[in-house]
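Chemist: got a sequence here, can you build the structure:
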Amino acid sequence: MAGLVLLSAFLLMLTVAWSLYDEFYGLRPWRSYQGEFSKVYSAYLEKQYKQRKTDEQKFYSTPQYQKLTAEMKAATEAARAQDQEIGLQVDLLDRQRAAMTEAFQNSRGLVGSLTYQLEQIDEKDKSAKESKLKDLNEAKAQTYDVAWPVEGEKIELRKFNNEQLNNLFTSIMTSKAKLVAQRGQVDQPAKAAQDKLNEYVKENLPGLASKDLYTLGESMKNLDIRLRQVNVNPTGASLNNLGGAGLVDRCQSCHLGTDPLLVPVTMTLTKEDLGLAKSTDAPFTSHPDPDMMKYHPLEKFGCSPCHGGNGRALDTVVKAHGRYEHWLWPLYYPENVEAGCQQCHASDMVTEHAPVLNHAKALYREKGCIGCHRFQGFDNQDEQLVSARQMITQLENQKQADALTIAQLNKKGDSASDNDAANAYYAQATNLTVTMSGRDAQIEQLETRSHNLLQEIKKVGPDLKEVRMKIHKEWIPYWIKHTHEFRPTTKMPQFRLQDDEIQAIAAYVWQSAITGPELPKQTPGNAAHGKELFEERGCEACHSRVVGTINRHGFYLDESDGMIFRRDSGA
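Modeler: Residues are numbered from 1 along each chain as shown. Here you go, the predicted model:
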């Protein structure tokens, strides 16, 4: 029995020890990351501090820097005496205003109160009005003792009534405004010299100053090892199915390089800088695009709404990156990192800081994918057009209903028993007429929008309704069967169709087209004159040079416009 108790106690102690280890180390790998980051980053900052100190000493000894510094000091010294004189005058005005403030407020409050009471008295009550007016005049004449500051740090006892206090306050504020403007003019040369010096330093000595690096390095030596998290609450719809109120990102607990409080946005930090180039487990680099972070601050957007992953998880890298079966939105791989931009910028033609996404959108347009595949928010003019037409139809129906109602109201007005009832009916009819006018304006706007949308709708292929007026019917089946053979650069895919299917499609296209005059046979034109006109009339602004070929089937291809002719057409 004793042996069983001893074994149980041993197992219990072993379980407690394992639990404590797992709690503080196994489930908290971020603690070791932060410890390592503090060590390597402190060493890096110390090295940068020494290098920066040397660079600054060399830079400060350059002739141009010393020249600009001398100019700035000379400008400052030249303005010092006048600036000090203005400062003394402003200080005296501030002390005078402070001295009169209590008396000014009491006088103005009393006069204002009596003026309001006087205005509330009925004009017929002359006795009360005269009595209140007397009180008001006495309040305006009442004087107040003020310990008035004067030049030479002296104080004089003065008396001011209401009008004098008002005028004095206005005079003080006007004088101070003039002095402040004068000081700005006096300090302008010194300010310009200081700005010139600062710009020169910024251009030739960018980055953090040595004192900033030293302060940052000292703080890193005593880094607070703690869980770091961002409470994300971006406006609008939720991002990546995660954003919105309630999302918590703890990515910075491991990725400390992305924390602007630890690594300033003006600094770029890489694993090579920290001496960890060969490490596969050192998440310490700063964000590679600091400019983009100006528009997507971490405290507002966090990390996972754009990059994916499980921002809450911290126990393992796999779970934190969301690459396990129970998480639906894993971290994007590096080659797909811009996919997160598409969540909010799907309708943008060009997305800044996303070259791969922009190239993909360009391919989507250029390769004609939109002809068959729809993407929400991308070139959705047809959906907008349908919506506009539906609204026009709805407004037209409402207009018809209103017209019927107006006729009924007018009829009721004509047969009303009295004028009041008739006028009520007529008024309702008039209001509906005004409403109909508003609907007419809405319809006009929607029709204009529909017209614009029709022009914006992008068609990958040419309109086939006029093929009978442009080409010979023999061309259609040949083009369908030999699409890429005839023109390798075309956007149209090469369909794998049987001959009978090709003939059926060609017949449908030809029979569905509108009819028109037969293509006339033309005599050959003057090619030299045509070339001259092509160059003089600005055709090259839209069209490339005409380069034509005649294939073995007798078809002539204009590769600039895609126009097809039979050889016997004379074109």
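Chemist: where is the longest helix in the protein?
Modeler: For the chain, the helix with the greatest residue count under DSSP state H is helix 63-120.
Chemist: run through the stretch 401-550 of the chain and note the low-pLDDT ranges.
Modeler: 455-461, 463, 516-522, 538, 540-550 (pLDDT under 70).
Chemist: typo on my end, it should be the stretch 151-300 of the chain
Modeler: 233-246.
Chemist: which residue ranges of it form helices?
Modeler: Using DSSP state H, counting those that start in this stretch, the helices of the stretch 151-300 of the chain run over 162-204, 210-221, 290-293, 298-301.
Chemist: I'd like to know which of the ones you listed is closest to Arg228.
Modeler: Evaluated with CB to CB, the helices of the stretch 151-300 of the chain place helix 298-301 nearest to Arg228, the distance being 10.5 Å. To be clear about C-beta, it is placed using only N, CA and C from the backbone, and glycine gets the same treatment.
Chemist: list the buried residues of the closest one.
Modeler: Neighbour-count burial for helix 298-301 flags Leu298, Phe301 (criterion: 16 or more other CB atoms under 10 Å).
Chemist: kindly report the same for stretch 195-210.
Modeler: Leu197, Tyr200, Val201, Leu208, Ser210.
Chemist: next, the angle from the longest helix of the chain to helix 162-204.
Modeler: Here helix 63-120 runs at an angle of 150 degrees relative to helix 162-204 (axes from the mean of the first three to the mean of the last three CA atoms, to 10 degrees).
Chemist: same list (the helices of the stretch 151-300 of the chain) but as a markdown table, adding distance to Asp94.
Modeler: Shown next, in a markdown table, are the helices of the stretch 151-300 of the chain (distance: least, CB to CB, whole Å):
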| stretch | distance to Asp94 |
| --- | --- |
| helix 162-204 | 8 |
| helix 210-221 | 34 |
| helix 290-293 | 43 |
| helix 298-301 | 39 |
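Chemist: so which of those helices is nearest Leu92?
Modeler: helix 162-204 (9.7 Å).
Chemist: distance between the closest one and the chain's centre?
Modeler: 36 Å (CA atoms, centre = their mean, to the nearest Å).
Chemist: what helices or strands is that helix leaning on?
Modeler: Under the contact criterion of 3 or more CB pairs under 8 Å, 6 or more residues apart in numbering; DSSP states H and E, helix 162-204 touches helix 63-120, helix 126-141.
Chemist: out of those, nearest to Leu395?
Modeler: helix 63-120 (53.5 Å).
Chemist: quick one: mean pLDDT over that closest one.
Modeler: Computed over helix 63-120, the mean pLDDT rounds to 91.
Chemist: tell me the angle that helix makes with helix 126-141.
Modeler: Using the same axes, to 10 degrees, helix 63-120 lies at 150 degrees relative to helix 126-141.
Chemist: roughly how far is helix 63-120 from the heart of the chain?
Modeler: Worked out by CA atoms, centre = their mean, helix 63-120 lies 41 Å from the chain centre.
Chemist: same thing with stretch 277-291?
Modeler: Worked out by CA atoms, centre = their mean, stretch 277-291 lies 26 Å from the chain centre.
Chemist: pull the contacting residues for Cys341.
Modeler: Neighbour list for Cys341: Cys306, Thr351, His353, Ala354, Leu357 [criterion: CB atoms under 8 Å, 6 or more residues apart in numbering].
Chemist: circling back to that earlier point, and the buried residues of stretch 195-210, which is closest to Thr435?
Modeler: For the buried residues of stretch 195-210, the nearest to Thr435 is Leu208 (65.8 Å; CB to CB).
Chemist: right, and the helices of the stretch 151-300 of the chain - which one's nearest Lys39?
Modeler: helix 210-221 (8.8 Å).
Chemist: on contacts alone, who are the packing partners of the closest one?
Modeler: Using 3+ CB pairs under 8 Å, 6+ apart: helix 210-221 touches helix 29-60.
Chemist: between the helix it packs on and helix 63-120, how many degrees?
Modeler: Using the same axes, to 10 degrees, helix 29-60 lies at 110 degrees relative to helix 63-120.
Chemist: of all the helices of the stretch 151-300 of the chain, which one is nearest Ala43?
Modeler: Closest approach to Ala43 among those (CB to CB): helix 210-221, 8.9 Å.
Chemist: what about the closest one, distance to the chain center?
Modeler: That offset, for helix 210-221, works out to 34 Å (CA atoms, centre = their mean).
Chemist: what would the buried residues of stretch 195-210 look like in a markdown table with distance to Ala2?
Modeler: What follows is those, written out as a markdown table (distance: CB to CB, whole Å):
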| residue | distance to Ala2 |
| --- | --- |
| Leu197 | 85 |
| Tyr200 | 85 |
| Val201 | 80 |
| Leu208 | 68 |
| Ser210 | 69 |
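Chemist: just the closest of those to Leu88, please.
Modeler: Leu197 (28.2 Å).
Chemist: related to what we said a few turns ago, of all the helices and strands packed on helix 162-204, which one is nearest Gln182?
Modeler: helix 63-120 (6.1 Å).
Chemist: does anything pack onto the closest one? Which helices or strands?
Modeler: helix 126-141, strand 144-150, helix 162-204.
Chemist: nearest to Leu93, of the ones you listed?
Modeler: Judging these by CB to CB, what sits closest to Leu93 is helix 162-204, at 4.9 Å.
Chemist: mind giving me the domain ranges of the chain?
Modeler: The record's domain parsing of the chain by automatic domain parsing lists 63-204, 227-331, 381-456, 467-569.
Chemist: count the neighbours of Ile86 for me.
Modeler: 19 (other CB atoms under 10 Å).
Chemist: isn't it up against Val186?
Modeler: Yes: if you go by CB atoms under 8 Å, Ile86 and Val186 touch, sitting 6.8 Å apart.
Chemist: redo the contacts of Cys341 as a markdown table? Include secondary structure and distance to Thr115.
Modeler: Below are those laid out as a markdown table (DSSP: H, G, I helix; E, B strand; the rest coil; distance: CB to CB, whole Å):
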| residue | secondary structure | distance to Thr115 |
| --- | --- | --- |
| Cys306 | helix | 62 |
| Thr351 | coil | 63 |
| His353 | coil | 62 |
| Ala354 | coil | 65 |
| Leu357 | helix | 68 |
